[in-house]
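**Q** I need the structure of the sequence given here:
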Amino acid sequence: MEKSAQYNKMSDMPVKKLVGSLAVPTIISMMVSSIYNMADTFFVSKLGTSASGAIGIVFSLMAIIQAVGFTLGMGAGTAVSRLLGQQKKNEAESVACSALSAAAVLGLTVSVFGLIFVTPLMRLLGSTETILPFAIEYGKYILIAAPLMTMTFVLNNLLRSEGKAKLSMVGITSGSILNIILDPVFIFTLDMGITGAAIATAVGQAVSLIILFGCFISGKSGLKLSFKKISTSPMTYLMIIRNGLPSFCRQGLASMSGVMLNHVAAAYGDPAVAAISVSNKVFMMIFSLLIGFGQGYQPVAGYNYGASKYKRVKEAMLFNLTTGFIMMGSIAAAVYFFAPHIITWFIGDDPEVIRIGTQALRFHCITLPFMPINVTANMTFQSIGKAFTATFLSAFRQGIFFVPSVLILPKLLGLNGVTGVQPASDLLSSLVSLPFLIHFIKKLNELVREEESIRNA
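**A** Okay, the predicted model is just below:
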């Protein structure tokens, strides 16, 4: 049976090989998604600095939509991994169907209210008056696509949670590649400007959703979606939200921090907003490698924790941490050296934007090697159902440390402080996460000893 084969794969395949096989498709998915974000930035930058700034403003809006999708997707996905590890397929399918229905409802809610209040929303997100027309035009179509995006995030996470990372990759990358192809066609060939970039994004999301749905309808997924399996129990939705709360903190607080940073940067003019927007996009592209690898690790941790195979959980966690250090350290060194050239690719020949963007990107590079600590801790606790701990650690990076940093550093250091806000928060949050990881490794060691004593008895 497919279920038995999948269960054996997740619980018996050598850990490094298993994590790698799941991580490669998720890394590709994350990278392609990041590239399409960068493609928007690259092509829209040809329309001027204010248009580039609009991409940064609407990026905060997309973070809000992603917060909804990832909260439900990761909340359901981590539960599905553990339930499948316990061989409780019916319960896993009920959770999956309930999360998808909630994503449709909440995505539509965001869309309706966002479109009604689109102008004040763009101002709230940090738009200057010169950026505002571009932000409104771009944001309208992103809001229309909000339900498609939230459902896509849920289906993507459900496929990954059952170990079907390749199917997830096909769905996500197909829409993203189409987006990249359509960007120059809509923006320049059809002379649609920034509206073309937004429509290309919406079309790409629709295609991804159709392909991911097809994986479930065709039976390629081990999970069966059905209206009959949508839960009517509030406890199901509370459980999904509780499990997904760390993702909500990551994405929701990322949106809030992005808004705060936009407002602070706006005091230094459109070049500062555009430069920080570009440097953050480059940083997120690099960071997506780490997230992608971690997303390959998460179902392994959840499955094996649910199956009480704690030695495999520990091995997977240490492999994820070590690989993350090597990957981020190597990339950070290269990007630090080539930072001016990288910024120039996406912003043209505006010297002030290049100067500010280079400094911001280099600050990110200094803290990148520490990021695997926070990411591994966060993903581990979320995967094993320790939602409060994972949420607590998520709150540090974009909230507890970020807010004081954005309020204090710009006042002390001016524009240098603005570019150093996120890197400072990243470094501090990683240092706080370290004791949690050490404590959990000790707990796993105890569980492994108990596991071995029971086996030997």
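**Q** Stretch 362-371: how far from the chain's middle?
**A** 18 Å (Cα atoms, centre = their mean, to the nearest Å).
**Q** got the buried residues for that stretch?
**A** Neighbour counts over stretch 362-371 (16 or more other Cβ atoms under 10 Å) mark Arg362, Phe363, His364, Cys365, Thr367, Leu368, Pro369, Phe370, Met371 as buried. To be clear about C-beta, it is placed using only N, CA and C from the backbone, and glycine gets the same treatment.
**Q** what's the closest of these to Thr152?
**A** Met371 (25.6 Å; Cβ to Cβ).
**Q** So the closest one is in contact with Leu290, correct?
**A** Yes. Contact criterion Cβ atoms under 8 Å: Met371 and Leu290 qualify, at 6.1 Å.
**Q** I figured Glu91 was touching Gly85, is that so?
**A** No. Contact criterion Cβ under 8 Å: Glu91 and Gly85 do not qualify, at 11.8 Å.
**Q** more neighbours, the two?
**A** Gly85 (22 against 17; other Cβ atoms under 10 Å).
**Q** Give me the below-cutoff pLDDT ranges for the stretch 351-457 of the chain.
**A** Applying pLDDT under 70 to the stretch 351-457 of the chain picks out residues 457.
**Q** Which residue ranges of it form helices?
**A** Listed in chain order, the helices of the stretch 351-457 of the chain (DSSP state H, counting those that start in this stretch) span residues 351-367, 371-383, 387-395, 402-413, 415-456.
**Q** Out of the ones you listed, which is closest to Ser81?
**A** helix 371-383 (6.9 Å).
**Q** and the angle for the closest one with helix 415-456?
**A** If you take axes from the mean of the first three to the mean of the last three Cα atoms, to 10 degrees, helix 371-383 sits at 50 degrees to helix 415-456.
**Q** Quick check: the closest residue to Val335 other than its chain neighbours vs Met30, distance?
**A** Excluding its sequence neighbours, the residue lying closest to Val335 (Cβ to Cβ, 6 or more residues apart in numbering) is Cys365, at 5.3 Å. Noted for Cys365: a distance of 19 Å to Met30, by Cβ to Cβ, to the nearest Å.
**Q** returning to that earlier point: isn't the residue nearest to Val335 up against Phe337?
**A** No. Using Cβ under 8 Å as the test, Cys365 is too far from Phe337 to be in contact (9.0 Å).
**Q** What residues of the host helix or strand of Leu321 count as buried?
**A** Assigned by DSSP states H and E, Leu321 falls within helix 310-347. By neighbour count on 16+ other Cβ under 10 Å, the buried set for helix 310-347 is 310-317, 319-321, 323-325, 327-328, 331-332, 335-336, 339, 342-344, 346-347.
**Q** And stretch 232-252, by the same measure?
**A** For stretch 232-252, the neighbour count (16+ other Cβ under 10 Å) marks 236-237, 239-252 as buried.
**Q** Most widely separated two among those residues?
**A** Spatial extent of those (Cβ to Cβ) is set by the pair Thr236 and Arg250 at 22.5 Å.
**Q** Gly414: how many residues sit nearby?
**A** The number of residues packed near Gly414 is 12, by other Cβ under 10 Å.
**Q** how near is it to Ala272?
**A** Taken as Cβ to Cβ, the span from Gly414 to Ala272 is 11 Å.
**Q** Report the contact partners of the closest residue to Ala395 other than its chain neighbours.
**A** Spatial nearest neighbour of Ala395, chain neighbours left out: Cys249 (5.2 Å); criterion: Cβ to Cβ, 6+ apart. Neighbouring residues of Cys249 by Cβ atoms under 8 Å, 6 or more residues apart in numbering: Thr391, Ser394, Ala395, Gln398, Gly399.
**Q** Next: Thr150.
**A** Contact partners of Thr150, counting by Cβ under 8 Å, 6+ apart, are Ile65, Val68, Gly69, Leu72, Ala103, Ala104, Leu106, Gly107, Val110.
**Q** which one of the buried residues of stretch 362-371 sits closest to Thr26?
**A** Met371 (16.8 Å).
**Q** mean confidence for stretch 45-64?
**A** For stretch 45-64, mean pLDDT rounds to 82.
**Q** still on that earlier bit, tell me how far the helix holding Leu321 lies from the chain's centre.
**A** Distance of helix 310-347 from its chain centroid, counting by Cα atoms, centre = their mean, is 16 Å.
**Q** Give the other helices and strands that it contacts.
**A** If you count contacts as 3 or more Cβ pairs under 8 Å, 6 or more residues apart in numbering; DSSP states H and E, helix 310-347 packs onto helix 15-45, helix 270-306, helix 351-367, helix 371-383, helix 415-456.
**Q** closest one to Phe117 among those?
**A** The minimum distance between Phe117 and the helices and strands packed on helix 310-347 falls on helix 270-306, with 21.5 Å, by Cβ to Cβ.
**Q** and that closest one with helix 415-456, angle?
**A** Put simply, helix 270-306 runs at 10 degrees to helix 415-456, going by the same axes, to 10 degrees.
**Q** got the angle for helix 270-306 vs helix 310-347?
**A** Computed by the same axes, to 10 degrees, the angle separating helix 270-306 from helix 310-347 equals 160 degrees.
**Q** Which positions in helix 270-306 come out as buried?
**A** Residues of helix 270-306 classed as buried by neighbour count (16+ other Cβ under 10 Å): 270-306.
**Q** Kindly report the same for stretch 106-116.
**A** Neighbour-count burial for stretch 106-116 flags Leu106, Gly107, Val110, Ser111, Gly114 (criterion: 16+ other Cβ under 10 Å).
**Q** still on that earlier bit, what's the farthest-apart pair in the contacts of Cys249?
**A** Of all pairs drawn from these, the greatest distance, 11.8 Å, lies between Thr391 and Gln398 (Cβ to Cβ).
**Q** and these two? which has more neighbours close in?
**A** Taking other Cβ under 10 Å, Thr391 and Gln398 do not tie; Gln398 has more neighbours (25 against 21).
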